[in-house]
Structures are given as C-alpha cells and as structure tokens.
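# I would like to see how this sequence folds:
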Amino acid sequence: MISILGIVIVLGAIVGGYLIEHGKLLVLLQPAELIIILGAAVGTLVVANPLPTLLRIGKGIAAIFSASPFDKAYYTENLKMLYELFNYARKNGTAKLEEDLDNPAKSPVFSKYPKFLKSHHALEFLCDTLRMVVTGGVEPMEIDQMMEVDLEVHHRESAEPIAALTTMADALPGLGIVAAVLGVVITMGSLGGPKEEIGNHVAAALVGTFLGILLCYGIFGPLAGAMGKQNDAESYYFGFLRMAALAFVKGLSPIMAVELARRSIPTTVRPTFKEVEAACRGAKAAAVKAA
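Okay, here's the model as predicted:
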C-alpha cells in the first residue's frame with residue numbers, strides 16, 4: 001500500500017507545483033501522446049520477453065500494491081512449523097517423515113499451516129531437501145550445495161521481470177521524444193493556420209516528452225525498484241529455510257535448528273528469542289496433548 005502513497009505523492013507534487021504556477025491541467029491531458037508512449041513501451045516489453053516473464057511482471061506489479069507476506073508473524077509461524085516438523089521426525093523416524101514429504105497436504109504438521117502449503121516453491125524446496133536426508137548417504141555439504149544451486153536458479157528467474165521492467169522504464173524518455181517528434185510533424189503541417197491551433201500542437205508535443213520522463217523516473221522505475229525489494233525479501237526467506245534445513249541435516253536438536261534459522265531472518269521482521277520460545281512451547285504442548 002505504501003507504493004500507492006508514493007505514486008500519489010509524486011503526481012500530487014508535480015500537479016500541485018504546476019497549478020501554483022497557474023498552469024492549466026487540460027493542457028496536460030493528451031491521450032494520443034499517452035497512447036503512443038505506453039503502447040510503444042508495452043510493445044518493446046512484449047518483443048523482448050517470453051510470456052512467462054510477462055506474466056511474472058504482472059504478478060510482481062500486483063504484489064507491490066499488497067502487503068508483503070514475509071512479515072514477523074509469518075516468520076514466527078514458520079519457525080513454529082519447523083520446530084514441530086523436526087520434533088515429529090525425531091519421534092516418528094525418517095520412514096514416517098518420508099510419507100509426509102511425499103504428501104504434505106495430508107501431513108499432520110504441514111496441514112496446520114495452509115499459508116506454507118500455498119507457497120509451492122518454498123514447499124518443494126523444503127520437502128525436496130529433507131527427502132535427501134531421508135534417502136541417506138548424502139553429506140550435509142553436498143545438500144547445502146544443492147540448495148545453493150536451487151536458490152541461484154530461483155533468484156535468476158525472479159530477477160528477469162525486474163530487469164525487463166527496468167529496461168522498459170529506461171526506454172520511456174526516448175519514446176517520449178518519439179511522441180514529441182510526431183507532435184512537431186503535426187505542428188509543421190498546421191503552419192499557416194490559426195495561432196491557437198499551432199500552440200496546441202506544440203504543447204502536445206512537449207507533453208509527450210514530459211510524460212516519457214515522468215513515467216520513467218516517477219512511475220515505472222520506482223515500480224521496478226519495489227519489485228527488486230520484494231525479490232530480496234523472498235531471497236531472505238529462502239535463505240532462512242536453507243539454514244533450518246541445513247541445521248536439521250547436521251543433526252542439531254529441533255530448538256537449536258530453529259534458533260539458527262531465526263538468526264538468519266532480517267532484523268526488521270525477526271521475532272525475538274522469547275517470542276519463538278513461546279510459539280514452540282505452544283506447539284510442544286499441543287503435540288503432547290494430541291498424543
């Protein structure tokens with residue numbers, strides 16, 4: 001939601017300053033210029049990128065205008081889930097754990113955390129990693145390397161829509177000049193006509209340049225930056241899952257594995273030790289009661 005506020009501030013500051021100088025808003029309303037600039041920009045985006053990347057751009061922009069899922073409450077819930085899962089594996093053995101990894105939706109642990117189940121890549125990442133532990137014969141360092149490769153591929157894929165949107169934003173000033181040149185061509189064709197008509201054509205041409213620069217530095221450039229921040233937040237989250245899985249692979253106790261994972265969470269959303277301890281205590285009490 002804060003991104004919407006930022007866009008409102010950008011547009012409000014520009015329009016407000018323009019009105020203070022006694023400018024006329026109707027002069028800035030040039031639909032033809034906007035169609036030329038945005039249409040051409042979208043066209044370059046379609047030419048340069050495959051359909052999956054275009055879909056990820058749309059999803060990324062939509063996600064900017066909603067709250068980030070990687071907040072303190074979500075990390076706390078994940079820490080609680082990991083503690084339950086590691087305790088469950090210790091008590092029931094790897095054979096039982098394998099059944100849960102093969103069918104997480106029916107798992108007595110995973111089924112209690114629908115948000116995690118909906119995060120398909122995170123679910124696959126954790127389950128595939130722990131499945132290697134169940135298989136046996138794989139050293140912790142080798143499992144860590146596999147996780148690193150998986151995360152590198154995921155990070156590259158996540159960076160593609162950001163790079164594409166940034167490239168489109170960088171092209172907008174140039175496309176604004178294209179719109180302005182077309183406006184000049186129209187102006188030259190109207191020479192000899194009424195002065196008001198010529199003035200309107202010149203204004204429209206200049207608005208084309210203005211819109212190209214505004215859309216680049218005021219709208220789409222910042223949107224690409226916001227998508228980058230989202231990508232970083234997701235990378236931190238997968239790094240957190242990696243640390244938890246690696247601690248479990250090394251045979252650390254559930255509480256120690258959870259604590260190591262907690263330390264890898266960004267400080268702005270990291271739950272305190274007492275908060276995690278309380279959550280894990282609640283999970284342990286619920287497990288004892290169910291048994």
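# next, count neighbours for P194.
Number of residues near P194 (other CB atoms under 10 Å) recorded here: 9. Using the backbone N, CA and C atoms, a C-beta is placed for each residue, glycine as well.
# wait, what's in contact with the spatially closest residue to R262 that is not a sequence neighbour?
Spatial nearest neighbour of R262, chain neighbours left out: V276 (5.6 Å); criterion: CB to CB, 6 or more residues apart in numbering. Shown in contact with V276 (CB atoms under 8 Å, 6 or more residues apart in numbering): T76, L79, K80, V258, E259, R262.
# quick one: pLDDT of the most far-flung residue of the chain relative to its centre?
Distance from the centre of the chain peaks at G192, with 53.9 Å (CA atoms, centre = their mean). G192 carries a pLDDT score of 71 in this model.
# give me phi/psi at it?
Per-residue torsions, G192: phi 100, psi -10 (degrees, to the nearest 10).
# before we move on, back to that, among the contacts of V276, who's most crowded?
In terms of neighbours by other CB under 10 Å, the contacts of V276 top out with V258 at 28 neighbours.
# contacts for stretch 261-268 next, please.
For stretch 261-268, contacts defined as CB under 8 Å, 6+ apart pick out 75, 79, 82, 233, 236, 239-241, 243-244, 247, 270-271, 273, 276.
# pull out the buried residues from those residues.
75, 79, 82, 233, 236, 239-241, 243-244, 247, 270-271, 276 (16 or more other CB atoms under 10 Å).
# nearest to V138, of these?
Within those, the smallest distance to V138 is 15.5 Å, found for A247 (CB to CB).
# does the closest one touch P254 like I think?
No: counting by CB atoms under 8 Å, A247 does not reach P254; the two are 9.1 Å apart.
# residues in contact with the residue farthest from the centre of the chain?
Contact analysis of G192 by CB under 8 Å, 6+ apart lists nothing.
# can you pull the buried residues of the one helix or strand M256 maps to?
Here M256 sits within helix 254-263, counting by DSSP states H and E. Under the neighbour-count criterion of 16+ other CB under 10 Å, helix 254-263 has P254, A257, V258, E259, L260, A261, R262 buried.
# and those as JSON lines, adding pLDDT and distance to T53?
Compiled in JSON lines, the buried residues of helix 254-263 are given as follows (pLDDT from 0 to 100; distance: CB to CB, whole Å):
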{"residue": "P254", "pLDDT": "91", "distance to T53": "40"}
{"residue": "A257", "pLDDT": "93", "distance to T53": "36"}
{"residue": "V258", "pLDDT": "94", "distance to T53": "36"}
{"residue": "E259", "pLDDT": "94", "distance to T53": "39"}
{"residue": "L260", "pLDDT": "93", "distance to T53": "35"}
{"residue": "A261", "pLDDT": "94", "distance to T53": "32"}
{"residue": "R262", "pLDDT": "95", "distance to T53": "34"}
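# ok, so of those, who is nearest I9?
Using CB to CB, the buried residues of helix 254-263 come closest to I9 at R262, 35.7 Å.
# number of nearby residues for F70?
There are 19 residues near F70, going by other CB under 10 Å.
# can you classify it as helix, strand or coil?
Here F70 is coil, with the state taken from DSSP: H, G, I helix; E, B strand; the rest coil.
# how close does it get to L79?
Distance of F70 to L79, given as CB to CB, to the nearest Å: 13 Å.
# contacts only, for Q30.
Contacts of Q30 (CB under 8 Å, 6+ apart): A204, V207, G208, L211.
# could you redo the last one with a cut-off of 6 Å?
A204, V207 (CB atoms under 6 Å, 6 or more residues apart in numbering).
# and it, what pLDDT?
87.
# quote the end-to-end distance of stretch 63-75.
End-to-end distance for stretch 63-75, by CA to CA, to the nearest Å: 19 Å.
# and the contacts of that stretch?
Stretch 63-75 has contacts (CB under 6 Å, 6+ apart) with S3, I4, A226, A233, Y237, I265, V269, P271.
# those, buried ones only, as a ChimeraX selection?
Buried residues within these, by 16+ other CB under 10 Å, are selected in ChimeraX with:
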select :3,226,233,237,265,269,271
